[in-house]
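Participant: Quick one: sequence plus predicted model below, questions after.
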Amino acid sequence: MCNRFNIFHKLLIAAGIALLVATVALVAPVKAITWGEPDTDNFFSYVGAMVVDWPVYGLGQFCSGTLIAPTVFVNAGHCNALLQEEIAAGRLEQEMIKISFSPDNIYDPTSWIAVDRLITHPLYGSGLDGDNVYDVGLVILAEPVELPFARLPDLGFLDALHRDGVLRDGPERAEFIAVGYGQAIEWPQAARVDNGPGRWYVESGYQALTHSLLILFKNSNFDYGGTCYGDSGGPTFFEYDGELWLVGIHSMSNATCTAISFDYRTDLAVTLDFVAGNLP
């Protein structure tokens with residue numbers, strides 16, 4: 001990785017930061033980490049994976065997410081909506097869904113935590129408000145987890161950074177950290193390959209900000225990576241003023257996972273109100 005990533009990596013340490021499944025056809029929007037590094041030191045210990053034991057396809061990693069309270073795991077609305085649809089249709093049981101925070105082997109059953117409830121934003125899939133797809137969900141865990149929590153930003157956090165000139169595009173673009181579980185890209189064929197059962201992270205560059213989305217730039221020629229198949233629901237972090245903030249939830253990517261990715265913003269009223277209204 002580039003030197004600036006190593007510098008950013010040290011900032012994370014100083015700050016105390018200690019699906020892919022055979023059912024890809026079922027979960028086409030889900031994306032994972034490309035050109036990244038394994039989180040071998042467990043810096044992002046509060047980032048976990050959803051592990052599903054599909055009746056037909058068997059055990060596999062589904063989506064990613066982030067612990068924000070002892071029993072609250074924030075992820076993407078499209079992840080939960082699909083699982084809820086499968087449960088309602090009788091093709092899946094909630095007991096078949098587990099959460100693992102293992103940095104290197106989410107298939108170790110000793111790392112699994114049972115799920116109490118899946119909650120999808122009530123407006124997800126409504127088609128309202130243009131590109132504001134309300135792509136946020138929560139998993140309420142059956143038991144509390146003794147791990148650090150990720151911090152959500154205040155309302156309008158990214159807008160304020162944009163107004164202040166902190167979020168820049170081009171040669172001096174702002175840099176973010178994407179974290180998750182899933183696939184990578186292998187050149188020269190640009191084929192997607194399995195990253196294995198562990199957590200990965202990578203630096204992405206700022207591209208643009210819309211009223212609901214944070215758009216990130218990923219291009220290996222510029223030493224940037226990003227999300228691909230397997231990372232939906234996982235976090236994007238931004239280091240600012242000595243703190244690491246969970247500013248985005250992985251939502252979509254271009255089909256080849258090589259150009260841009262789209263994160264649903266966490267600094268929106270619709271996101272923050274939804275989360276606050278479902279905290280224990």
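Facilitator: Arrived safely. Residues are numbered from 1 along each chain as shown.
Participant: Which secondary structure element is home to residue 44?
Facilitator: Using DSSP states H and E, residue 44 maps to neither a helix nor a strand.
Participant: contacting residues for the residue nearest in space to the middle of the chain?
Facilitator: Centroid-nearest residue in the chain: residue 234, 1.0 Å away (criterion: Cα atoms, centre = their mean). With contacts defined as Cβ atoms under 8 Å, 6 or more residues apart in numbering, residue 234 is in contact with 47, 63-66, 75, 178-181, 227, 249-250. Glycine gets a C-beta too; all of them are placed from N, C-alpha and C.
Participant: Let me have those residues in CSV, extended by pLDDT, distance to residue 93 and neighbour count.
Facilitator: Formatted as CSV, the contacts of residue 234 follow (pLDDT from 0 to 100; distance: Cβ to Cβ, whole Å; neighbours: other Cβ atoms under 10 Å):
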residue, pLDDT, distance to residue 93, neighbour count
47, 98, 26, 27
63, 94, 18, 33
64, 95, 22, 35
65, 97, 20, 32
66, 98, 25, 25
75, 98, 19, 30
178, 92, 31, 31
179, 95, 29, 27
180, 91, 25, 37
181, 88, 22, 32
227, 67, 29, 35
249, 97, 26, 28
250, 94, 26, 36
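Participant: Please pull up the helix or strand immediately following the lowest-mean-pLDDT helix or strand in the chain.
Facilitator: Every helix and strand in the chain was compared by mean pLDDT, DSSP states H and E; the lowest is helix 3-14, with a mean of 31. Toward the C-terminal end, the helix or strand that comes next after helix 3-14 (DSSP H and E) is strand 37-38.
Participant: number of nearby residues for the spatially closest residue to residue 148 that is not a sequence neighbour?
Facilitator: Distances taken as Cβ to Cβ, 6 or more residues apart in numbering put residue 46 closest to residue 148, at 5.3 Å, once the chain neighbours are dropped. By other Cβ atoms under 10 Å, the residues close to residue 46 number 22.
Participant: circling back: measure the residue nearest to the centre of the chain to residue 56 for me?
Facilitator: Residue 234 sits 25 Å away from residue 56, taking Cβ to Cβ, to the nearest Å as the criterion.
Participant: In its sheet, which strands sit next to the helix or strand where residue 61 lies, and in what direction?
Facilitator: Assigned by DSSP H and E, residue 61 belongs to strand 58-69. Using DSSP bridges, strand 58-69 pairs in its sheet with strand 47-54 (antiparallel), strand 72-75 (antiparallel).
Participant: chain center to it: distance?
Facilitator: The chain centroid and the centroid of strand 58-69 are separated by 9 Å under Cα atoms, centre = their mean, to the nearest Å.
Participant: Tell me where this protein is predicted with low confidence.
Facilitator: Applying pLDDT under 70 to the chain flags residues 1-35, 128-132, 170, 182-195, 219-230, 254-259.
Participant: helices or strands next to the helix or strand encompassing residue 238 in the packing?
Facilitator: Using DSSP H and E, residue 238 falls within strand 235-240. Strand 235-240 is packed against helix 3-14, strand 58-69, strand 175-180, strand 243-253, with contacts defined by 3 or more Cβ pairs under 8 Å, 6 or more residues apart in numbering; DSSP states H and E.
Participant: could you check the angle strand 175-180 makes with it?
Facilitator: 150 degrees (axes from the mean of the first three to the mean of the last three Cα atoms, to 10 degrees).
Participant: now strand 235-240 against strand 243-253, angle please.
Facilitator: Using the same axes, to 10 degrees: strand 235-240 against strand 243-253 is 140 degrees.
Participant: what pairs with strand 235-240, and is each one parallel or antiparallel?
Facilitator: strand 175-180 (antiparallel), strand 243-253 (antiparallel).
Participant: which stretch among the ones you listed comes nearest residue 108?
Facilitator: Nearest to residue 108, of all the strands paired with strand 235-240, is strand 175-180, at 18.1 Å by Cβ to Cβ.
Participant: then the closest one to CSV, C-alphas only?
Facilitator: What follows is strand 175-180, C-alpha atoms only, in CSV (Å, rounded to 0.1, in the frame of the first residue of the first chain):
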residue,chain,number,x,y,z
GLU,A,175,-9.4,9.5,2.1
PHE,A,176,-11.6,7.0,3.8
ILE,A,177,-11.3,3.5,5.2
ALA,A,178,-13.6,0.7,4.0
VAL,A,179,-13.9,-2.5,6.0
GLY,A,180,-15.6,-5.8,5.4
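Participant: All set now, cheers.
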